[in-house]
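J.: My questions concern the predicted model and sequence given below.
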Amino acid sequence: MKELQQGFATKAVHAGENPDFREGATGDVVVPIHLSTTFAREKVNIPTAGYEYVRSLNPTRKALETKLAALENARYGLAFSSGLAAETTLLTALLKSGDHIVAFDDLYGGTKRLFNHIFNNYHIGVTFVDATDISLVENAILPQTRLIWIESPSNPLLKICDIAGISKIAAARKLALAVDNTFLSPYFQKPLDLGADIVVHSSTKYIGGHSDVLGGALLLNSPDLYEKLQYRQNAVGAVLSPFDSYLTLRGVKTLALRMEQHQQNAFLIANYLRQHPKVKKVIYPGLENHPQHALAKAQSTGFGGVLSFEIAGSRSDAEAFLEKLHIIALAESLGGVESLIELPAAMTHSSVPKEIREQVGITDTLIRISAGIENINDLIADLEQAFD
Ligand SMILES: *Cc1c(COP(=O)(O)O)cnc(C)c1O
């Protein structure tokens, strides 16, 4: 009841996990992992506490869905077995054959694959535009367009979309706006407050935060869409398991603390790299020289923990640098407590054709860092020895 007035860190700890003091309950301060796949009832027509079968809902997943909704200032939340499972379920709720999507051309590769290689088989068209320019979004809208899909900041170039500006266009045309908020997490950015209709998360990243659980979520305010999504969550069946719901609940409790530390380390790494003679360019929305620094500052309360930089030299120089690191792990993914580093051209974005990579700015020497929460001196020392 009073949850709406609570601060973010308080909600991250408490929302969805109020101790149960009813007769026979034990007052757990942490929601239990309810592994039961089915729930017995005393009366044929009355499911006990509303629970019937694990795929439809179970108490551990419900606690997570409630907590994530509270963190995004959403009325409703749904948790899925992966970010892509959440996306797939959302697309089935919003679109039918013949419909069209306008999407940011710098989306997560898996989202593009879903549009281009799965949903295209069901006659759902997509037009990709540089959504950092609002007029390109508006001009791409067709009579059959139903959905606009953006991600901000993007990956690995950290481009920023004007969420409020695009939400006005979507509202005027009665289109749904979905925003993938994985990179900043609700701690730094709340797209629903900026006018978006649906927030999409890969909770595998910052929300889980410990590189040990795959998951996804949808957060929204519309009761009609929530009802449709609940139906499809159960009908499609790509739900988050009770155990993975528990791990995600455990991880998200420290989101506020972690995001502050991720950001602090990202800033310090960005500033270290900026003065390094072997670095050609640093991309981080928190730097004043980022072309959309002002927009990032206006619509978010922070800049996140991911930065990219271009190392001087060739691809083999970049590879040699990466292979010399000891603490910073050479790995895909992001958002975990451990610092991760990768070469998009060879790893996360290797499926993007080279000429398109070069065109958008993903060069062979562009390196992406997900700053972890380790001591900054150790991270800088690790980078320093790898440059030498
Ligand atoms: C990882 C990621 C996804 C996909 O999520 P999974 O949990 O891996 O299915 C979607 N969007 C963004 C921005 C991501 O980083």
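T.: Alright, I've got the coordinates. Numbering: from 1, shown residues only.
J.: any chance you could map the helices in this protein?
T.: Along the chain, the segments classed as helices by DSSP state H run 8-14, 59-71, 83-94, 109-113, 134-139, 163-172, 185-188, 223-236, 242-252, 255-274, 293-299, 315-323, 354-360, 376-387.
J.: Nearest to Met347, out of these?
T.: When these are compared by CB to CB, helix 315-323 sits nearest Met347, at 9.6 Å. The way it works is simple: take the backbone N, C-alpha and C, and place the C-beta from them, glycine included.
J.: Now tell me what touches the closest one from outside.
T.: With contact meaning CB atoms under 8 Å, 6 or more residues apart in numbering, helix 315-323 is reached by 311, 330, 341-343, 345-346, 364-365, 367, 386-387.
J.: So which of those residues are in strands?
T.: Counting by DSSP state E, the contacts of helix 315-323 place 311, 330, 341-342, 367 in strands.
J.: hang on, the earlier thing: can you list the contacts of helix 315-323 in CSV and add pLDDT, neighbour count and distance to the ligand?
T.: Shown next, in CSV, are the contacts of helix 315-323 (pLDDT from 0 to 100; neighbours: other CB atoms under 10 Å; distance: CB to the nearest ligand atom, whole Å):
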residue, pLDDT, neighbour count, distance to the ligand
Ile311, 98, 26, 23
Leu330, 98, 14, 18
Ile341, 98, 21, 15
Glu342, 97, 23, 12
Leu343, 97, 23, 17
Ala345, 94, 21, 17
Ala346, 95, 13, 18
Asp364, 96, 20, 22
Thr365, 97, 21, 22
Ile367, 98, 21, 17
Ala386, 98, 18, 25
Phe387, 97, 14, 27
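J.: show me the contacts for the closest residue to Gly208 other than its chain neighbours.
T.: Distances taken as CB to CB, 6 or more residues apart in numbering place Gly251 nearest to Gly208, at 4.4 Å, with adjacent residues excluded. Gly251 sits next to 207-210, 213 when contact means CB under 8 Å, 6+ apart.
J.: What residues does this protein have near the ligand?
T.: Within the chain, the positions near the ligand by CB under 6 Å from any ligand atom are 82-84, 108, 110-111, 151, 155, 180, 182-183, 202, 204-205, 214, 216.
J.: May I ask which of those has the most neighbours?
T.: In terms of neighbour count, Ser202 stands highest of those at 29 neighbours, by other CB atoms under 10 Å.
J.: show me the contacts for that one.
T.: Contacts of Ser202 were listed using CB under 8 Å, 6+ apart, and they are 82-84, 86, 108, 180, 182, 215-216.
J.: in the sheet, who's paired with it?
T.: For Ser202, the beta-bridge partners are Gly216 (DSSP bridges).
J.: And it, how close does it get to Leu68?
T.: Ser202 sits 12 Å away from Leu68, going by CB to CB, to the nearest Å.
J.: Tell me, how many residues neighbour the residue nearest to Asn221 when sequence neighbours are not counted?
T.: Of all residues not flanking Asn221 in the chain, Arg75 sits nearest, at 4.7 Å (CB to CB, 6+ apart). Counted by other CB under 10 Å, the residues lying close to Arg75 total 14.
J.: Pretty sure Arg75 sits against Asp224.
T.: No: with contact defined as CB atoms under 8 Å, Arg75 does not count as touching Asp224 (11.7 Å).
J.: Report pLDDT for the residue in the stretch 101-250 of the chain that the ligand sits nearest to.
T.: Proximity of the stretch 101-250 of the chain to the ligand (CB to the nearest ligand atom) peaks at Ser202, 3.0 Å away. Ser202 is assigned 98 on the pLDDT scale.
J.: now do Glu358
T.: pLDDT, Glu358: 88.
J.: And Pro47, how far from Thr38?
T.: According to CB to CB, Pro47 and Thr38 sit 10 Å apart.
J.: And the two? Which one has more around it.
T.: Neighbours per residue (other CB under 10 Å) separate Pro47 from Thr38, with Pro47 holding more: 15 against 10.
J.: and that one, what pLDDT?
T.: Pro47 is given a pLDDT of 95.
J.: now do the one 5 residues further on
T.: Glu52 is assigned a predicted lDDT (pLDDT) of 95.
J.: so how many other residues sit close to it?
T.: For Glu52, the number of neighbouring residues by other CB under 10 Å comes to 14.
J.: Contact partners for whatever residue of the stretch 51-200 of the chain ends up closest to the ligand?
T.: Nearest residue of the stretch 51-200 of the chain to the ligand, counting by CB to the nearest ligand atom: Gly83, 2.3 Å away. Each residue near Gly83 by CB under 8 Å, 6+ apart is listed here: 108, 110, 182, 200-204, 215-216.
J.: Quick check: Ser97 touching His123?
T.: Yes: if you go by CB under 8 Å, Ser97 and His123 touch, sitting 4.4 Å apart.
J.: out of these two, which sits in the more crowded spot?
T.: Legend: neighbour count by other CB under 10 Å for Ser97 and His123, higher for His123 (12 against 8).
J.: got a list of what the more buried one touches?
T.: By CB under 8 Å, 6+ apart, the residues touching His123 are 97-98.
J.: try the one 5 residues further on
T.: Phe128 makes contacts with 103-105, 107, 112, as judged by CB under 8 Å, 6+ apart.
J.: Which residue or residues pair with it through a beta bridge?
T.: Ala103.
J.: what's the distance between it and Leu175?
T.: Phe128 is 16 Å from Leu175, where distance means CB to CB.
J.: Nearest residue to Gly302 in space, please, no chain neighbours.
T.: Gly302 sits nearest to Phe188 (CB to CB, 6+ apart), 3.7 Å away.
J.: neighbours of the nearest residue to Ala386 once chain neighbours are set aside, just the number please.
T.: Nearest non-adjacent residue to Ala386, counting by CB to CB, 6+ apart: Lys324, 4.0 Å away. The tally of other residues near Lys324 (other CB under 10 Å) stands at 14.
J.: Next one, pLDDT for Lys324 please.
T.: Confidence score, pLDDT, at Lys324: 98.
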